[in-house]
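S.K.: what's the 3D shape of this:
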Amino acid sequence: MKPKDKVEVFVFALFNENKKEGGASERNFGIFNGDGSKVYEVDLSCQFCSGDSDGGGNGGFGEKLSGAVRGPSVWSIAKPHADEKVLQAVLDFCCGSGGVDCREIYDNGDCFEPDKLLAHASYAMNAYYQMHGRNYWNCDFKGTGLVTFSDPTYGRCRYPQQ
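M.R.: This next block holds a predicted model:
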């Protein structure tokens with residue numbers, strides 16, 4: 001192999017599957033942990049994606065922040081068919097003892113509309129997830145949360161990210 005030779009790669013698993021049955025080796029094939037942090041130090045700058053020949057810019061998988069690259073953008077949202085009683089309890093926790101500033105989902109806040117429990121819970125769950133380090137266990141919320149790489153921001157409502 002020579003420098004600058006192209007290498008084709010097949011990614012078997014993007015994320016480790018911490019809840020998968022079987023031995024530790026069955027759960028740890030991913031290149032990312034459930035919280036989006038890297039398992040292996042692999043350059044995912046994706047120069048061919050961004051059109052940047054020098055690797056600059058933010059067209060790669062990670063985001064550049066003041067000279068350093070962090071993991072991918074990731075958010076926590078409520079599962080679409082989550083139990084409403086559990087979602088209400090999660091919302092009450094996040095906006096209460098969980099320490100989340102929920103003013104954005106109150107009346108006249110940028111994220112009040114749609115005035116739906118699922119939308120309000122998603123905002124609060126994500127804020128909690130972000131403020132506690134984006135660990136996969138901070139998005140479980142009794143099985144009602146899920147991690148997404150799709151920005152749930154809409155209209156004037158901006159979902160915070162770390």
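S.K.: Tell me where this structure has strands.
M.R.: 63-65, 68-70, 75-78, 145-148 (DSSP state E).
S.K.: Which one of these has the poorest average confidence?
M.R.: Note on the strands of the chain: strand 63-65 shows the lowest mean pLDDT, a mean of 38.
S.K.: Show me the shaky parts of the chain.
M.R.: In the predicted model of the chain, residues 9-14, 25, 34-36, 42-72 satisfy pLDDT under 70.
S.K.: Now the spatially most central residue of the chain. Its backbone dihedrals?
M.R.: Nearest residue to the geometric centre of the chain (C-alpha atoms, centre = their mean): residue 74, 2.0 Å. Backbone torsions of residue 74, given as degrees, to the nearest 10, read phi -150, psi 140.
S.K.: Would you confirm that it contacts residue 150?
M.R.: No. With contact defined as C-beta atoms under 8 Å, residue 74 does not count as touching residue 150 (9.7 Å). The C-beta positions use only the backbone N, C-alpha and C, and glycine is treated the same way.
S.K.: any idea how far stretch 105-113 is from the chain center?
M.R.: Counting by C-alpha atoms, centre = their mean, to the nearest Å, stretch 105-113 is centred 22 Å from the centre of its parent chain.
S.K.: for stretch 142-160, same thing?
M.R.: For stretch 142-160, the distance to the chain centre is 8 Å (C-alpha atoms, centre = their mean).
S.K.: How far does it stretch from one end to the other?
M.R.: 22 Å (C-alpha to C-alpha, to the nearest Å).
S.K.: hang on, isn't residue 82 packed against residue 117?
M.R.: No. Judged on C-beta under 8 Å, residue 82 makes no contact with residue 117 at a distance of 9.2 Å.
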